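# sequence plus predicted model, see below.
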Amino acid sequence: TEFTCRICCLGAGYVGGPTMTVIAKMCPDIKVTVCDLSERRIAAWNSKSLPIYEPGLQEIVEGARGKNLFFSTDIDAAVREADIIFVSVNTPTKKSGIGAGQAADLQYWELAGRHIASIAEGPKIIVEKSTVPVKTAAAMARVLESNSKFAFEVLSNPEFLAEGTAVEDLLRPDRVLVGGEQTPAGLAAIDKLANIYRRWVPTEKVLTTNLWSAELSKLTANAFLAQRISSINSISALCENTGADVDEVAHAIGVDSRIGPKFLRASVGFGGSCFQKDILNLVYLCRSFGLPEVANYWEAVITMNNWQKQRFAEKMVSAMFNTVSGKKIAVLGFAFKKDTGDTRETPAIHVCEQMIKEGAALSIYDPKVTVEQMNYDLGSPSPDKVCMEQDAYVACAGAHAIAVLTEWDEFKTLDYSRIYTSMVKPCFVFDGRNILDHAKLRQIGFQVFAIGKSFSNETVLD
Ligand code: NAD
Ligand code: UDX
């Protein structure tokens, strides 16, 4: 078949993989090649067990792979033939040097740019898919210009998908954002990319802006979303002290159409690879532009989140008579949210580490996170301190307490009477996601602690 356009994407991660898969599905006439430096990752994309879990993804990959969707480590070949090159490499928080702990580490991003310039044999459109600081596209344009004789247009096309719902978000996005230079060549490039999305996204939802607006909108969207969670979590602490119920408060404010009902679930804290990283990035940008008040304002969202995670761990210890030493604690859920195996920045890491420090023995169950990943995240703890189970009932047997740290649906329908019988009394439940039926658990005999609920009805047993 003759393809009408060739696209390549550098970075076959949580964003590059699903995004390109959906483009391939919706545009059979476009050849899409997803590249990565990691041979292991590419091999997994070409196998039966994909490197990431997303509901619905496997089917779409299998439908397009080998037809117009290819996964390859041959970056040079893919770049040479592509008209449009997406760069979706990782942009983590810098670990050392200037801006360590806050600024985005742009080394992978710039290396990808230099590599494209060194092998391109004609003009290309470069699409910034990674989340980057404002003005990064300009830096990329300069790197490309100084290293190649061809013309490159750099576009900003930030990705708004959330993990666990990536396919749905990509098929029916609230909006697609394409930013570019407001020159004839820039506008033409914007149009070319926007037209690809317009094949399945209604035109009014494909927004086009200048470069800086697109870059800043991505950081702003994540900052606003995380801010809502920290806001409701801050109120959850007040609820626990006053007898108000945070779910009732969230509902009562969420029906106000100006506030809206989404992203108001109080929790043990937000996790994931994006929120903290992107807010720190925004904070760093504000400081470097001489705006400390703006920086402090957004930084408080992270301070509140750290406090919420710590507060949860402290509540566990204090409820269990101020010591968890030698006690077995069952941890249900380790991923940063349900329907993903991703553990980046998951609040479970913080809570588990605190419990290990307090001398507790943990048995952890998560339906999608691998044992290797949990071991890695917890710094390879000794097996007598932490064991990973394949079954929630096994994890809970013989435990003093259960901590629910991810909102997996399957935790709602476990047989808690059976679990109660297998546990050490008094049995504690710490529901970090407010997903369980607390009244029923209390009826069974559990001491229940939840986020943003009053504990006054929990009597310490004799
Ligand atoms: P990831 O770590 O899962 O994937 C990045 C991949 O890029 C890795 O597999 C890495 O090997 C590869 N890579 C690095 N340098 C390369 C190069 N020069 N050539 C080819 N491949 C290279 O990261 P991710 O979660 O997919 O995130 C990618 C970007 O998208 C980040 O900037 C992130 O902030 C942003 N983002 C992520 C999400 C999300 O939900 N994960 C959502 C929106 C935006
Ligand atoms: C987020 C943004 O939603 C997405 O638009 C962006 O592209 C990437 O970052 P993601 O991190 O994948 O997506 O998941 P999200 O659903 O936003 O959840 C992030 C964290 O917040 C999770 O730990 C989740 O459990 C927590 N959360 C979310 C709450 O605690 N309460 C809520 O009401 C919503």
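Good, I have the coordinates. Ligands and ions are numbered 1, 2, ... in the order given.
# which SS state does residue 436 fall under?
coil (DSSP: H, G, I helix; E, B strand; the rest coil).
# going forward, count from 52.
That works, and once the first residue is 52, the last one we named lands at residue 487.
# report how many residues lie close to residue 441.
10 (other C-beta atoms under 10 Å). To be clear about C-beta, it is placed using only N, CA and C from the backbone, and glycine gets the same treatment.
# wait, doesn't it sit right on residue 417?
No: between residue 441 and residue 417 there is no contact under C-beta atoms under 8 Å: 9.9 Å.
# so who does the residue of the stretch 352-501 of the chain found nearest ligand 2 touch?
Using C-beta to the nearest ligand atom, residue 388 is the residue of the stretch 352-501 of the chain that sits closest to ligand 2, at 3.9 Å. Residue 388 makes contacts with 214-215, 322-323, 457-458, as judged by C-beta atoms under 8 Å, 6 or more residues apart in numbering.
# ok, and the most crowded of the residues you listed?
residue 457 (29 neighbours).
# I figured it hits residue 382, correct?
No: assessed by C-beta under 8 Å, residue 457 is found out of contact with residue 382, at 9.2 Å.
# hey, what's in contact with both of these two?
With C-beta under 8 Å, 6+ apart as the test, residue 457 and residue 382 both reach residue 399.
# okay, which residue is most central for the chain?
With distances taken as C-alpha atoms, centre = their mean, residue 323 lies nearest the centre of the chain, 3.5 Å away.
# what does the stretch 352-501 of the chain put close to ligand 2?
Contacts of the stretch 352-501 of the chain with ligand 2, taken as C-beta under 6 Å from any ligand atom, map to 387-388.
# now do stretch 318-337: distance to the chain's middle.
10 Å (C-alpha atoms, centre = their mean, to the nearest Å).
# avg pLDDT for it?
For stretch 318-337, mean pLDDT is 97.
# can it be said to contact ligand 1?
Yes: using C-beta under 6 Å from any ligand atom, stretch 318-337 comes into contact with ligand 1 via 324-325.
# gap between the two ends of that stretch?
The first and final residues of stretch 318-337 sit 28 Å from each other (C-alpha to C-alpha, to the nearest Å).
# now do stretch 169-188
By C-alpha to C-alpha, one end of stretch 169-188 lies 18 Å from the other end.
# so which bits of it are buried?
By neighbour count on 16 or more other C-beta atoms under 10 Å, the buried set for stretch 169-188 is 171, 175-185, 187-188.
# which among those are in contact with ligand 1?
Restricting the buried residues of stretch 169-188 to contacts with ligand 1 (C-beta under 6 Å from any ligand atom) yields 181-182.
# just say helix, strand or coil for the closest residue in space to residue 281 that isn't next to it in sequence.
Spatial nearest neighbour of residue 281, excluding adjacent residues (C-beta to C-beta, 6 or more residues apart in numbering): residue 355 at 4.0 Å. Judged by three-state DSSP, the three-state class of residue 355 is helix.
# give the contact list for residue 355.
Counting by C-beta under 8 Å, 6+ apart, residue 355 has contacts 281, 284-285.
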